[in-house]
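# can't give you the sequence, but here's the structure:
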C-alpha cells in the first residue's frame, strides 16, 4: 500500500495548524515592529520650527516740502478775439438809366424867324451908329408855345441890335409846343440867327 493512500493523524493536523498560527504571529510582529521603527525614525528626523512672519518695512519718510516760491497773481485766461472774415461787400449795381424821354420838338408858326422883324424895329441907337450885323440866339419854349427865355449866342457887335433881337422874339414868336412820348405838352428849345441891315434911304 502506498503512502498516499494513508490518512493523516489528528495530532499531525494540529501541529500544522499551530505552526501556521505561529508563523502568522511572527509575521505580524515583524511587520508591526518594522513599521513602528520606520515611523519613529521618520518622526525623529522631522524638525519642527516656527515660521516667523517678516515684519513690514518701515514707512518711507515723506519728502521735504518744496521751498516757498514768491506767489504771483493768478493768471486770467483771456480769450483771444475771434477774427471773423468780413462778409463780402454786396455788389450794388446801379439801376440802368431811364430811357431818354422822347419828345417832339416845338414847331414854329412861321418857317422864317426873320419875318418877325421889320425896318420899323431897327433900334434908333443902331441907326444913329449905322450898326449892322447878325445876332445868334437860343430860345426856351414853354408849354404854352411862347418864348420863355432868350439868350444871345453870337453878338452882332451892337448891344442895341442884340437886345432888340431877344425882345422881339419873346413878344412875337409863337410855337406849337413840344410834346413828350405820352403826347403831353412840354418845354422845348430852338435857336437861330437874325441879320440886321440898315434900311435903304
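Noted; the coordinates are in hand. In this text the structure is predicted, and so the values were computed from the model without any measurement.
# Lowest mean pLDDT among the helices and strands of this structure, which one is it?
strand 107-108 (a mean of 64; mean pLDDT, DSSP states H and E).
# In the helix or strand following that strand, which residues are buried?
Once strand 107-108 ends, the next helix or strand along the chain (criterion: DSSP states H and E) is helix 124-128. For helix 124-128, burial by neighbour count (16 or more other CB atoms under 10 Å) applies to residue 126. All C-beta atoms are positioned from the backbone trio N, CA, C, and that covers glycine.
# Check the burial of the residue nearest to residue 152 when sequence neighbours are not counted by counting its neighbours.
Computed as CB to CB, 6 or more residues apart in numbering, the closest residue to residue 152 that is not its neighbour in sequence is residue 162, at 4.8 Å. A total of 23 residues lie near residue 162 under the criterion other CB atoms under 10 Å.
# Tell me the first helix or strand C-terminal of the host helix or strand of residue 162.
Per DSSP H and E, residue 162 falls inside helix 159-172. For helix 159-172, the following helix or strand on the C-terminal side (DSSP H and E) is strand 175-176.
# Looking at that following strand now, give me its mean pLDDT.
Computed over strand 175-176, the mean pLDDT rounds to 88.
# What strands flank that strand, and is each parallel or antiparallel?
Partner strands and pairing direction for strand 175-176 (DSSP bridges) are strand 107-108 (antiparallel).
# neighbours of residue 199, just the number please.
Residue 199, neighbours per other CB under 10 Å, totals 9.
# For it, give me its contacts.
The contact partners of residue 199, taken as CB atoms under 8 Å, 6 or more residues apart in numbering, are 119, 122.
# That one belongs to a helix?
No. Counting by DSSP: H, G, I helix; E, B strand; the rest coil, residue 199 is not found in a helix; it is coil.
# Residue 118 - how many residues pack around it?
By the criterion of other CB under 10 Å, residue 118 has 10 neighbours.
# pLDDT below threshold where in the chain?
Filtered on pLDDT under 70, the chain yields the residue ranges 1-9, 29-57, 66-87, 89, 99-104, 107-111, 201.
# Show me the domain layout of it.
The chain breaks down into these structural domains: 10-43, 107-196 (assignment by automatic domain parsing).
# For residue 122, give its distance to residue 168.
According to CB to CB, to the nearest Å, residue 122 and residue 168 sit 11 Å apart.
# Next: residue 149.
15 Å.
# So if I had to pick from these two, which one is more boxed in?
The residue with more neighbours, out of residue 149 and residue 168, is residue 168; 18 against 13, by other CB under 10 Å.
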